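Chemist: build me a structure from this.
(one chain, ligands or ions: 1)
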Amino acid sequence: MGMRLHGTMRINGRGRLEIGGIEAAELARRFGTPLYVLDEELFRQNCRDYHRHFTEKYGAEVIYAGKTLINLAVCRLVEEEGLGLDVASGGELYTAIKARFPMHRVYFHGNNKSPGEIKMALEAGVGRFMADNLQELLVLNSLAGEMKTRADVIIRLTPGIEAHTHEYVKTGQIDSKFGLAIQTGQAEEGVRAALRLENIRLRGLHCHIGSQIFELGSYVHAVDVMMDFAGKIKRETGWTPEEIDLGGGLGIYYAEGDNPPPVSEYADLVMARLKMKSAEHGMETPRLMVEPGRSVSGPAGCTIYTVGTVKEIPGVRKYVAVDGGMADNPRHALYQARYEAVLANKAGLPPAEVVSVAGKCCESGDMLIRDIALPAAEPGDILVVSCTGAYNYTMSMNYNRLPRPAMVLVRGGRADLIVKREDYEDLVRNDVIPDRLRKSGLAGVASAR
Ligand code: LLP
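Modeler: Numbering: from 1, shown residues only. Purely as a prediction, here's the structure:
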(Lines give C-alpha, C1' and ligand atoms only; values in the text may rest on other atoms or scores of the structure.)
Protein backbone atom coordinates (compact mmCIF):
# COMPACT_ATOMS: atom_id res chain seq x y z
CA MET A 1 0.00 0.00 0.00
CA GLY A 2 1.10 3.56 -0.57
CA MET A 3 3.84 4.77 -2.83
CA ARG A 4 7.14 2.92 -2.87
CA LEU A 5 9.98 5.31 -2.03
CA HIS A 6 12.79 5.46 -4.59
CA GLY A 7 16.36 6.71 -4.26
CA THR A 8 16.67 9.54 -1.76
CA MET A 9 12.92 9.84 -1.17
CA ARG A 10 11.98 9.63 2.49
CA ILE A 11 9.20 10.64 4.82
CA ASN A 12 10.75 13.00 7.35
CA GLY A 13 9.93 13.52 11.02
CA ARG A 14 7.24 16.05 10.10
CA GLY A 15 5.42 13.47 7.99
CA ARG A 16 6.42 15.17 4.75
CA LEU A 17 7.98 13.66 1.65
CA GLU A 18 11.55 14.70 0.88
CA ILE A 19 13.59 14.10 -2.27
CA GLY A 20 17.31 14.80 -2.31
CA GLY A 21 17.02 16.17 1.21
CA ILE A 22 14.36 18.79 0.38
CA GLU A 23 10.67 18.68 1.11
CA ALA A 24 8.58 18.32 -2.03
CA ALA A 25 6.34 21.15 -0.79
CA GLU A 26 9.41 23.37 -0.49
CA LEU A 27 10.41 22.55 -4.09
CA ALA A 28 6.86 23.39 -5.14
CA ARG A 29 7.07 26.75 -3.36
CA ARG A 30 10.44 27.63 -4.86
CA PHE A 31 9.98 26.44 -8.42
CA GLY A 32 6.21 26.21 -8.90
CA THR A 33 4.22 23.21 -10.15
CA PRO A 34 4.00 21.04 -12.12
CA LEU A 35 7.67 20.35 -11.55
CA TYR A 36 9.89 17.55 -12.81
CA VAL A 37 12.40 16.50 -10.17
CA LEU A 38 15.50 14.45 -10.94
CA ASP A 39 17.21 12.66 -8.07
CA GLU A 40 20.88 13.01 -8.99
CA GLU A 41 22.10 10.30 -6.65
CA LEU A 42 19.66 7.73 -7.97
CA PHE A 43 20.32 8.64 -11.61
CA ARG A 44 24.05 8.26 -11.03
CA GLN A 45 23.57 5.08 -9.06
CA ASN A 46 21.55 3.55 -11.90
CA CYS A 47 24.32 4.50 -14.37
CA ARG A 48 26.90 2.96 -12.04
CA ASP A 49 24.92 -0.20 -11.67
CA TYR A 50 25.12 -0.74 -15.44
CA HIS A 51 28.73 0.40 -15.60
CA ARG A 52 29.76 -1.98 -12.85
CA HIS A 53 27.95 -5.06 -14.13
CA PHE A 54 28.46 -4.60 -17.87
CA THR A 55 31.54 -2.43 -18.41
CA GLU A 56 33.79 -3.23 -15.46
CA LYS A 57 32.92 -6.90 -15.43
CA TYR A 58 32.69 -7.65 -19.15
CA GLY A 59 34.11 -4.67 -21.05
CA ALA A 60 30.65 -4.03 -22.51
CA GLU A 61 29.60 -0.56 -23.67
CA VAL A 62 26.57 0.89 -21.90
CA ILE A 63 24.77 3.41 -24.06
CA TYR A 64 22.17 5.55 -22.29
CA ALA A 65 19.02 6.06 -24.38
CA GLY A 66 18.51 9.82 -24.55
CA LYS A 67 14.93 9.50 -25.76
CA THR A 68 13.91 8.71 -22.18
CA LEU A 69 15.27 11.93 -20.72
CA ILE A 70 17.71 14.31 -22.34
CA ASN A 71 18.83 17.88 -21.72
CA LEU A 72 22.21 19.54 -21.28
CA ALA A 73 22.61 18.69 -17.59
CA VAL A 74 21.58 15.07 -18.11
CA CYS A 75 24.19 14.73 -20.88
CA ARG A 76 26.79 15.93 -18.38
CA LEU A 77 25.72 13.32 -15.82
CA VAL A 78 25.80 10.54 -18.42
CA GLU A 79 29.29 11.52 -19.53
CA GLU A 80 30.59 11.77 -15.97
CA GLU A 81 29.30 8.27 -15.26
CA GLY A 82 31.15 6.88 -18.28
CA LEU A 83 28.21 5.83 -20.43
CA GLY A 84 27.73 6.32 -24.17
CA LEU A 85 24.69 8.14 -25.55
CA ASP A 86 22.00 6.94 -27.95
CA VAL A 87 20.47 9.81 -29.92
CA ALA A 88 17.53 9.25 -32.24
CA SER A 89 17.20 12.55 -34.09
CA GLY A 90 19.01 15.71 -35.11
CA GLY A 91 17.51 17.43 -32.06
CA GLU A 92 18.89 14.88 -29.61
CA LEU A 93 22.22 15.01 -31.42
CA TYR A 94 22.21 18.81 -31.21
CA THR A 95 21.64 18.56 -27.45
CA ALA A 96 24.64 16.23 -27.14
CA ILE A 97 26.78 18.59 -29.23
CA LYS A 98 25.73 21.57 -27.11
CA ALA A 99 26.57 19.64 -23.93
CA ARG A 100 29.97 18.87 -25.47
CA PHE A 101 29.34 15.17 -25.08
CA PRO A 102 32.27 13.18 -26.58
CA MET A 103 31.03 12.45 -30.10
CA HIS A 104 32.83 9.14 -30.49
CA ARG A 105 30.54 7.80 -27.77
CA VAL A 106 27.36 8.90 -29.54
CA TYR A 107 25.27 6.27 -31.32
CA PHE A 108 22.94 7.68 -33.93
CA HIS A 109 19.59 5.87 -34.23
CA GLY A 110 16.43 6.47 -36.24
CA ASN A 111 14.33 4.71 -38.84
CA ASN A 112 14.05 7.78 -41.07
CA LYS A 113 17.19 9.85 -40.75
CA SER A 114 17.04 12.74 -43.18
CA PRO A 115 20.02 13.54 -45.40
CA GLY A 116 20.40 16.72 -43.33
CA GLU A 117 20.58 14.74 -40.11
CA ILE A 118 23.04 12.28 -41.62
CA LYS A 119 25.29 15.13 -42.75
CA MET A 120 25.07 16.75 -39.33
CA ALA A 121 26.10 13.47 -37.70
CA LEU A 122 28.98 12.94 -40.15
CA GLU A 123 30.24 16.46 -39.48
CA ALA A 124 29.91 16.00 -35.73
CA GLY A 125 31.81 12.72 -35.99
CA VAL A 126 29.40 10.43 -34.16
CA GLY A 127 30.81 7.08 -33.08
CA ARG A 128 28.32 4.86 -34.88
CA PHE A 129 25.47 5.12 -37.31
CA MET A 130 22.82 2.60 -36.34
CA ALA A 131 21.59 1.92 -39.87
CA ASP A 132 17.95 0.99 -40.02
CA ASN A 133 17.48 0.13 -43.69
CA LEU A 134 19.07 -0.25 -47.11
CA GLN A 135 18.05 3.20 -48.34
CA GLU A 136 19.80 4.79 -45.37
CA LEU A 137 22.97 2.79 -46.08
CA LEU A 138 23.05 4.08 -49.66
CA VAL A 139 22.51 7.71 -48.66
CA LEU A 140 25.04 7.44 -45.85
CA ASN A 141 27.60 5.90 -48.21
CA SER A 142 27.24 8.66 -50.77
CA LEU A 143 27.23 11.51 -48.23
CA ALA A 144 30.28 10.04 -46.49
CA GLY A 145 31.95 9.81 -49.89
CA GLU A 146 31.21 13.47 -50.64
CA MET A 147 32.70 14.40 -47.30
CA LYS A 148 35.72 12.15 -47.90
CA THR A 149 35.12 10.15 -44.77
CA ARG A 150 34.02 6.65 -43.79
CA ALA A 151 31.11 5.95 -41.51
CA ASP A 152 31.23 3.30 -38.79
CA VAL A 153 27.98 1.40 -39.01
CA ILE A 154 25.97 -1.06 -36.98
CA ILE A 155 23.01 -2.56 -38.79
CA ARG A 156 19.71 -2.80 -36.95
CA LEU A 157 18.05 -6.17 -37.39
CA THR A 158 14.52 -7.25 -36.62
CA PRO A 159 15.02 -10.56 -34.87
CA GLY A 160 11.37 -11.68 -35.02
CA ILE A 161 10.93 -11.86 -31.26
CA GLU A 162 7.72 -10.91 -29.51
CA ALA A 163 8.60 -9.51 -26.13
CA HIS A 164 5.79 -9.55 -23.56
CA THR A 165 5.03 -5.88 -23.36
CA HIS A 166 2.54 -3.25 -24.54
CA GLU A 167 1.72 -3.34 -28.27
CA TYR A 168 2.99 0.19 -28.87
CA VAL A 169 6.41 -0.44 -27.37
CA LYS A 170 7.05 -3.81 -29.03
CA THR A 171 9.77 -3.50 -31.62
CA GLY A 172 11.34 -6.88 -32.31
CA GLN A 173 8.57 -8.57 -34.33
CA ILE A 174 8.78 -8.81 -38.15
CA ASP A 175 5.88 -6.42 -38.74
CA SER A 176 7.84 -3.42 -37.46
CA LYS A 177 8.91 -0.12 -38.94
CA PHE A 178 12.35 -0.65 -37.40
CA GLY A 179 15.27 -2.58 -38.79
CA LEU A 180 15.85 -5.27 -41.40
CA ALA A 181 14.10 -8.57 -40.81
CA ILE A 182 16.24 -11.67 -40.55
CA GLN A 183 13.43 -13.97 -41.64
CA THR A 184 12.72 -12.17 -44.93
CA GLY A 185 16.36 -12.18 -46.06
CA GLN A 186 16.50 -8.36 -45.93
CA ALA A 187 18.93 -8.40 -43.02
CA GLU A 188 21.39 -10.45 -45.04
CA GLU A 189 20.93 -8.19 -48.05
CA GLY A 190 21.69 -5.19 -45.80
CA VAL A 191 24.87 -6.75 -44.46
CA ARG A 192 26.08 -7.67 -47.95
CA ALA A 193 25.37 -4.14 -49.18
CA ALA A 194 27.20 -2.57 -46.24
CA LEU A 195 30.22 -4.79 -46.93
CA ARG A 196 30.25 -3.67 -50.57
CA LEU A 197 29.84 0.07 -49.95
CA GLU A 198 33.28 1.70 -49.91
CA ASN A 199 32.53 4.52 -47.47
CA ILE A 200 31.01 2.29 -44.84
CA ARG A 201 32.84 0.26 -42.24
CA LEU A 202 30.49 -2.39 -40.90
CA ARG A 203 31.19 -2.90 -37.21
CA GLY A 204 28.32 -4.92 -35.92
CA LEU A 205 24.70 -5.84 -35.52
CA HIS A 206 21.93 -4.39 -33.39
CA CYS A 207 18.48 -5.33 -32.22
CA HIS A 208 15.98 -3.86 -29.77
CA ILE A 209 13.18 -6.21 -28.80
CA GLY A 210 10.93 -3.87 -26.83
CA SER A 211 10.59 -1.87 -23.66
CA GLN A 212 9.48 -2.42 -20.04
CA ILE A 213 10.60 -6.07 -20.28
CA PHE A 214 10.80 -8.23 -17.15
CA GLU A 215 11.58 -11.55 -18.84
CA LEU A 216 15.33 -11.96 -19.20
CA GLY A 217 14.61 -15.01 -21.35
CA SER A 218 13.64 -12.65 -24.17
CA TYR A 219 17.21 -11.29 -24.21
CA VAL A 220 18.72 -14.77 -24.24
CA HIS A 221 16.49 -15.57 -27.16
CA ALA A 222 17.64 -12.37 -28.90
CA VAL A 223 21.31 -13.35 -28.45
CA ASP A 224 20.57 -16.74 -30.02
CA VAL A 225 18.82 -15.27 -33.03
CA MET A 226 21.47 -12.57 -33.58
CA MET A 227 24.40 -14.96 -33.21
CA ASP A 228 22.87 -17.64 -35.41
CA PHE A 229 22.45 -14.95 -38.04
CA ALA A 230 26.06 -13.84 -37.53
CA GLY A 231 27.17 -17.48 -37.87
CA LYS A 232 25.37 -17.84 -41.17
CA ILE A 233 26.89 -14.58 -42.49
CA LYS A 234 30.33 -15.72 -41.39
CA ARG A 235 30.01 -19.01 -43.26
CA GLU A 236 28.83 -17.22 -46.38
CA THR A 237 31.02 -14.10 -46.44
CA GLY A 238 33.77 -14.56 -43.86
CA TRP A 239 32.68 -11.35 -42.07
CA THR A 240 32.10 -11.44 -38.32
CA PRO A 241 30.64 -8.68 -36.13
CA GLU A 242 33.01 -6.91 -33.75
CA GLU A 243 30.02 -5.60 -31.83
CA ILE A 244 26.62 -6.92 -30.82
CA ASP A 245 24.16 -4.36 -29.50
CA LEU A 246 21.10 -5.76 -27.75
CA GLY A 247 19.24 -2.45 -27.39
CA GLY A 248 17.49 -1.41 -24.20
CA GLY A 249 14.22 -2.40 -22.64
CA LEU A 250 14.81 -3.59 -19.07
CA GLY A 251 11.63 -2.92 -17.11
CA ILE A 252 11.24 -0.91 -13.91
CA TYR A 253 8.91 -0.83 -10.95
CA TYR A 254 6.06 1.63 -11.50
CA ALA A 255 3.39 0.08 -9.31
CA GLU A 256 2.52 -3.04 -7.39
CA GLY A 257 3.05 -6.18 -9.45
CA ASP A 258 6.08 -4.88 -11.36
CA ASN A 259 9.08 -7.06 -10.61
CA PRO A 260 12.16 -6.07 -12.58
CA PRO A 261 15.19 -8.39 -12.46
CA PRO A 262 18.48 -6.90 -11.22
CA VAL A 263 20.94 -5.49 -13.76
CA SER A 264 23.63 -7.92 -12.55
CA GLU A 265 21.49 -10.89 -13.53
CA TYR A 266 20.73 -9.34 -16.92
CA ALA A 267 24.46 -8.79 -17.56
CA ASP A 268 25.57 -12.24 -16.44
CA LEU A 269 22.88 -14.08 -18.35
CA VAL A 270 23.35 -12.23 -21.62
CA MET A 271 27.14 -12.35 -21.48
CA ALA A 272 27.25 -16.06 -20.75
CA ARG A 273 24.95 -16.72 -23.67
CA LEU A 274 26.94 -14.46 -26.00
CA LYS A 275 30.16 -16.32 -25.14
CA MET A 276 28.49 -19.67 -25.63
CA LYS A 277 26.97 -18.74 -28.99
CA SER A 278 30.24 -17.19 -30.22
CA ALA A 279 32.11 -20.39 -29.41
CA GLU A 280 29.41 -22.43 -31.11
CA HIS A 281 29.97 -20.50 -34.34
CA GLY A 282 33.76 -20.42 -34.01
CA MET A 283 33.90 -16.65 -33.54
CA GLU A 284 35.61 -14.39 -31.09
CA THR A 285 33.07 -13.02 -28.64
CA PRO A 286 31.96 -9.65 -30.04
CA ARG A 287 31.95 -6.59 -27.79
CA LEU A 288 28.56 -6.44 -26.10
CA MET A 289 26.56 -3.22 -26.09
CA VAL A 290 23.30 -2.40 -24.31
CA GLU A 291 21.15 0.72 -24.53
CA PRO A 292 19.22 1.14 -21.29
CA GLY A 293 16.99 4.17 -20.98
CA ARG A 294 13.99 3.74 -18.71
CA SER A 295 15.88 1.65 -16.14
CA VAL A 296 18.40 4.48 -15.71
CA SER A 297 16.20 7.58 -15.78
CA GLY A 298 12.72 6.29 -14.91
CA PRO A 299 12.92 5.71 -11.16
CA ALA A 300 15.17 8.76 -10.72
CA GLY A 301 12.42 11.18 -11.72
CA CYS A 302 9.19 12.24 -10.07
CA THR A 303 6.67 14.97 -10.76
CA ILE A 304 5.26 17.41 -8.23
CA TYR A 305 1.74 18.78 -8.76
CA THR A 306 -0.64 21.00 -6.83
CA VAL A 307 -4.12 19.67 -6.21
CA GLY A 308 -6.91 21.90 -7.55
CA THR A 309 -10.48 20.77 -8.07
CA VAL A 310 -11.68 17.84 -6.00
CA LYS A 311 -14.91 16.52 -7.44
CA GLU A 312 -16.98 13.68 -6.11
CA ILE A 313 -19.62 11.98 -8.22
CA PRO A 314 -21.61 10.19 -5.50
CA GLY A 315 -21.42 6.44 -5.83
CA VAL A 316 -19.23 6.67 -8.91
CA ARG A 317 -15.79 8.20 -8.46
CA LYS A 318 -13.89 11.00 -6.82
CA TYR A 319 -11.67 13.01 -9.13
CA VAL A 320 -8.66 14.82 -7.76
CA ALA A 321 -7.47 17.20 -10.47
CA VAL A 322 -3.88 18.44 -10.60
CA ASP A 323 -2.28 21.34 -12.45
CA GLY A 324 -0.63 19.09 -15.08
CA GLY A 325 -1.54 15.73 -16.58
CA MET A 326 -1.22 14.23 -20.04
CA ALA A 327 0.64 17.30 -21.29
CA ASP A 328 3.60 16.53 -19.00
CA ASN A 329 2.97 12.77 -18.76
CA PRO A 330 1.01 11.23 -21.63
CA ARG A 331 1.86 7.65 -20.65
CA HIS A 332 -1.42 6.73 -18.97
CA ALA A 333 -3.39 8.16 -21.88
CA LEU A 334 -1.18 6.34 -24.41
CA TYR A 335 -0.41 3.02 -22.76
CA GLN A 336 -2.69 2.79 -19.73
CA ALA A 337 0.55 3.11 -17.76
CA ARG A 338 0.18 2.76 -13.99
CA TYR A 339 1.77 5.07 -11.44
CA GLU A 340 1.94 5.51 -7.69
CA ALA A 341 1.58 8.81 -5.88
CA VAL A 342 1.59 10.34 -2.45
CA LEU A 343 0.26 13.56 -0.94
CA ALA A 344 3.66 14.95 0.01
CA ASN A 345 2.33 17.26 2.73
CA LYS A 346 0.26 14.42 4.26
CA ALA A 347 2.74 11.59 3.71
CA GLY A 348 2.53 10.52 7.34
CA LEU A 349 -1.25 10.05 7.25
CA PRO A 350 -2.96 6.76 6.46
CA PRO A 351 -5.06 6.52 3.28
CA ALA A 352 -8.64 7.66 3.75
CA GLU A 353 -10.26 7.16 0.37
CA VAL A 354 -9.81 5.77 -3.13
CA VAL A 355 -9.67 8.52 -5.76
CA SER A 356 -8.58 9.03 -9.37
CA VAL A 357 -6.03 11.64 -10.34
CA ALA A 358 -7.02 13.70 -13.38
CA GLY A 359 -5.15 16.29 -15.39
CA LYS A 360 -6.38 19.69 -16.55
CA CYS A 361 -6.56 19.19 -20.32
CA CYS A 362 -9.81 19.25 -22.29
CA GLU A 363 -9.78 15.52 -22.84
CA SER A 364 -11.53 12.81 -20.82
CA GLY A 365 -8.51 10.56 -21.33
CA ASP A 366 -6.34 13.07 -19.48
CA MET A 367 -5.88 10.92 -16.40
CA LEU A 368 -2.71 10.13 -14.47
CA ILE A 369 -3.87 7.46 -12.04
CA ARG A 370 -7.08 5.49 -11.72
CA ASP A 371 -8.08 4.30 -8.26
CA ILE A 372 -5.42 5.16 -5.77
CA ALA A 373 -5.76 5.22 -1.99
CA LEU A 374 -4.79 8.61 -0.53
CA PRO A 375 -5.45 10.64 2.60
CA ALA A 376 -8.33 13.09 2.07
CA ALA A 377 -7.16 15.41 -0.72
CA GLU A 378 -7.86 19.14 -0.57
CA PRO A 379 -7.08 22.02 -2.91
CA GLY A 380 -3.49 23.15 -2.37
CA ASP A 381 -2.17 19.73 -1.38
CA ILE A 382 1.06 18.65 -3.05
CA LEU A 383 0.85 15.42 -5.03
CA VAL A 384 4.02 13.60 -6.04
CA VAL A 385 3.89 10.94 -8.76
CA SER A 386 6.92 8.63 -8.70
CA CYS A 387 8.96 7.04 -11.52
CA THR A 388 8.27 9.74 -14.10
CA GLY A 389 11.91 10.16 -15.12
CA ALA A 390 11.57 8.33 -18.44
CA TYR A 391 9.36 9.27 -21.40
CA ASN A 392 7.63 12.13 -19.55
CA TYR A 393 9.57 15.34 -20.15
CA THR A 394 10.69 14.02 -23.56
CA MET A 395 7.12 13.18 -24.57
CA SER A 396 5.54 16.30 -23.09
CA MET A 397 3.44 18.64 -25.18
CA ASN A 398 1.70 21.99 -25.16
CA TYR A 399 -1.89 20.77 -25.62
CA ASN A 400 -4.30 23.48 -24.45
CA ARG A 401 -1.25 25.71 -24.46
CA LEU A 402 -0.03 24.45 -21.14
CA PRO A 403 3.54 25.68 -20.70
CA ARG A 404 6.00 22.81 -20.16
CA PRO A 405 7.11 22.40 -16.53
CA ALA A 406 10.55 23.20 -15.18
CA MET A 407 13.00 20.49 -14.11
CA VAL A 408 15.22 20.58 -11.06
CA LEU A 409 18.16 18.40 -10.12
CA VAL A 410 18.18 17.64 -6.41
CA ARG A 411 20.97 16.34 -4.24
CA GLY A 412 22.02 16.65 -0.61
CA GLY A 413 19.55 19.39 0.28
CA ARG A 414 20.27 21.42 -2.83
CA ALA A 415 18.07 21.98 -5.88
CA ASP A 416 19.37 23.32 -9.20
CA LEU A 417 17.18 24.36 -12.07
CA ILE A 418 18.16 22.34 -15.17
CA VAL A 419 15.21 23.16 -17.45
CA LYS A 420 13.40 26.48 -17.15
CA ARG A 421 9.62 26.54 -16.99
CA GLU A 422 8.04 27.71 -20.23
CA ASP A 423 6.02 30.89 -19.90
CA TYR A 424 3.13 32.26 -21.94
CA GLU A 425 5.54 34.25 -24.08
CA ASP A 426 7.32 30.99 -25.04
CA LEU A 427 3.98 29.67 -26.27
CA VAL A 428 3.55 32.44 -28.85
CA ARG A 429 7.26 32.85 -29.64
CA ASN A 430 7.03 31.02 -32.96
CA ASP A 431 3.57 32.26 -33.94
CA VAL A 432 3.53 34.63 -36.90
CA ILE A 433 0.70 36.97 -37.94
CA PRO A 434 0.74 37.53 -41.70
CA ASP A 435 0.56 41.18 -42.68
CA ARG A 436 -2.98 40.89 -43.98
CA LEU A 437 -4.20 39.75 -40.55
CA ARG A 438 -2.55 42.51 -38.57
CA LYS A 439 -4.74 44.88 -36.58
CA SER A 440 -3.66 47.85 -38.70
CA GLY A 441 -4.48 45.79 -41.80
CA LEU A 442 -7.99 45.17 -40.50
CA ALA A 443 -8.53 48.90 -40.16
CA GLY A 444 -7.54 49.19 -43.82
CA VAL A 445 -10.17 46.64 -44.84
CA ALA A 446 -12.83 48.58 -42.93
CA SER A 447 -11.95 51.90 -44.58
CA ALA A 448 -11.97 50.37 -48.08
CA ARG A 449 -15.65 49.52 -47.74
N1 LLP B 1 17.41 1.48 -27.92
C2 LLP B 1 16.50 1.62 -28.90
C3 LLP B 1 16.90 1.38 -30.28
C4 LLP B 1 15.19 2.00 -28.58
O5 LLP B 1 14.29 2.12 -29.56
C6 LLP B 1 14.82 2.23 -27.24
C7 LLP B 1 13.47 2.66 -26.89
C8 LLP B 1 15.82 2.10 -26.25
C9 LLP B 1 17.10 1.71 -26.62
C10 LLP B 1 15.56 2.36 -24.80
O11 LLP B 1 14.63 1.45 -24.28
P12 LLP B 1 14.30 1.45 -22.69
O13 LLP B 1 15.49 0.91 -21.98
O14 LLP B 1 13.98 2.83 -22.30
O15 LLP B 1 13.10 0.54 -22.60
N16 LLP B 1 7.53 5.74 -25.11
C17 LLP B 1 7.41 4.38 -24.65
C18 LLP B 1 8.66 3.60 -24.85
C19 LLP B 1 9.22 3.65 -26.26
C20 LLP B 1 10.53 2.91 -26.40
C21 LLP B 1 11.29 3.44 -27.56
N22 LLP B 1 12.57 2.85 -27.76
C23 LLP B 1 6.99 4.41 -23.17
O24 LLP B 1 6.79 5.49 -22.64
O25 LLP B 1 6.82 3.36 -22.56
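Chemist: which residues touch the closest residue to residue 147 other than its chain neighbours?
Modeler: Of all residues not flanking residue 147 in the chain, residue 122 sits nearest, at 5.5 Å (C-beta to C-beta, 6 or more residues apart in numbering). All C-beta spots, glycine's among them, are computed from the backbone N, C-alpha and C. Residues near residue 122 by C-beta atoms under 8 Å, 6 or more residues apart in numbering: 143, 144, 147, 149, 151.
Chemist: next, the closest residue to residue 184 other than its chain neighbours: secondary structure please.
Modeler: Of all residues beyond its chain neighbours, the one nearest residue 184 is residue 174 (7.0 Å), with distances taken as C-beta to C-beta, 6+ apart. Three-state assignment for residue 174 (DSSP: H, G, I helix; E, B strand; the rest coil): coil.
Chemist: is residue 174 in contact with residue 186, as I believe?
Modeler: No: because the distance of 9.9 Å does not satisfy C-beta atoms under 8 Å, residue 174 is recorded as not touching residue 186.
Chemist: quick one, what contacts the residue nearest to residue 184?
Modeler: For residue 174, the contact set (C-beta under 8 Å, 6+ apart) comprises 158, 160, 181, 183, 184.
Chemist: and the buried ones among those, selectable in PyMOL?
Modeler: A single PyMOL command selects the buried members of these (16 or more other C-beta atoms under 10 Å):
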select buried, resi 158+160+181
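Chemist: residue 261 against residue 213, yeah?
Modeler: No: with contact defined as C-beta under 8 Å, residue 261 does not count as touching residue 213 (9.4 Å).
Chemist: and the end-to-end length of stretch 248-258?
Modeler: 18 Å (C-alpha to C-alpha, to the nearest Å).
Chemist: list the buried ones in it?
Modeler: Within stretch 248-258, the residues that count as buried by 16+ other C-beta under 10 Å are 248, 249, 250, 251, 252, 253, 254, 255.
Chemist: contact partners for the closest residue to the first one other than its chain neighbours?
Modeler: Counting by C-beta to C-beta, 6+ apart, the nearest residue to residue 248 once its immediate chain neighbours are dropped is residue 291, at 4.1 Å. For residue 291, the contacting residues are 63, 64, 65, 86, 107, 208, 245, 246, 247, 248, taking C-beta under 8 Å, 6+ apart as the criterion.
Chemist: how about 7 Å then?
Modeler: 63, 65, 86, 208, 245, 247, 248 (C-beta atoms under 7 Å, 6 or more residues apart in numbering).
Chemist: a markdown table for those, including distance to the ligand?
Modeler: Shown next, in a markdown table, are these (distance: C-beta to the nearest ligand atom, whole Å):
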| residue | distance to the ligand |
| --- | --- |
| 63 | 8 |
| 65 | 4 |
| 86 | 6 |
| 208 | 4 |
| 245 | 8 |
| 247 | 4 |
| 248 | 3 |
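Chemist: are any of the residues you listed buried, and if so which?
Modeler: Among the contacts of residue 291, those classed as buried by 16+ other C-beta under 10 Å are 63, 65, 86, 208, 245, 247, 248.
Chemist: turn those into a markdown table, columns for secondary structure.
Modeler: A markdown table is the format used below for the buried ones among the contacts of residue 291 (three-state DSSP):
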| residue | secondary structure |
| --- | --- |
| 63 | strand |
| 65 | strand |
| 86 | strand |
| 208 | coil |
| 245 | strand |
| 247 | coil |
| 248 | coil |
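Chemist: residues of this structure that sit close to the ligand?
Modeler: Counting by C-beta under 6 Å from any ligand atom, the chain comes close to the ligand at 65, 67-68, 86, 109, 169, 208, 211-212, 247-250, 291-295, 331, 335, 390-391.
Chemist: inside helices: which ones of those residues?
Modeler: Among the residues of the chain next to the ligand, DSSP state H puts 294, 295, 331, 335 in helices.
Chemist: okay if I get those as a markdown table plus pLDDT and neighbour count?
Modeler: Shown next, in a markdown table, are these (pLDDT from 0 to 100; neighbours: other C-beta atoms under 10 Å):
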| residue | pLDDT | neighbour count |
| --- | --- | --- |
| 294 | 98 | 27 |
| 295 | 98 | 26 |
| 331 | 98 | 18 |
| 335 | 97 | 16 |
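Chemist: could you identify the pair within those residues that is furthest apart?
Modeler: Greatest spatial distance among those (C-beta to C-beta): 295 and 335, at 16.8 Å.
Chemist: residue contacts, the residue lying closest to residue 413 once chain neighbours are set aside?
Modeler: Using C-beta to C-beta, 6+ apart and skipping the chain neighbours, the partner closest in space to residue 413 is residue 21 (3.7 Å). If you count contacts by C-beta under 7 Å, 6+ apart, residue 21 has them with 8, 412, 413.
Chemist: and the host helix or strand of residue 143, what does it pack against?
Modeler: Using DSSP states H and E, residue 143 maps to helix 134-146. Helix 134-146 sits against helix 115-124, strand 128-131, helix 186-196, strand 200-206, with contacts defined as 3 or more C-beta pairs under 7 Å, 6 or more residues apart in numbering; DSSP states H and E.
Chemist: quick check: angle from that helix to strand 200-206?
Modeler: 140 degrees (axes from the mean of the first three to the mean of the last three C-alpha atoms, to 10 degrees).
Chemist: mind listing what's buried along helix 134-146?
Modeler: Neighbour-count burial for helix 134-146 [16+ other C-beta under 10 Å]: 136, 137, 139, 140, 141, 143, 144.
Chemist: closest one of those residues to the ligand?
Modeler: Each of the buried residues of helix 134-146 was scored against the ligand by C-beta to the nearest ligand atom, and residue 136 proved nearest at 14.2 Å.
Chemist: from residue 114, how far out is the closest one?
Modeler: According to C-beta to C-beta, to the nearest Å, residue 136 and residue 114 sit 10 Å apart.
Chemist: please apply the same query to residue 230.
Modeler: For residue 230, the distance to residue 114 - C-beta to C-beta - is 30 Å.
Chemist: contacting residues around the longest helix along the chain?
Modeler: In the chain, taking DSSP H as the definition, the longest helix is helix 216-237. Under the criterion C-beta under 7 Å, 6+ apart, residues 157, 159-161, 163, 182, 187-188, 191-192, 195, 205, 207, 209, 239-241, 244, 246, 261, 265-266, 269-270, 273-274, 277-278, 281, 283 lie in contact with helix 216-237.
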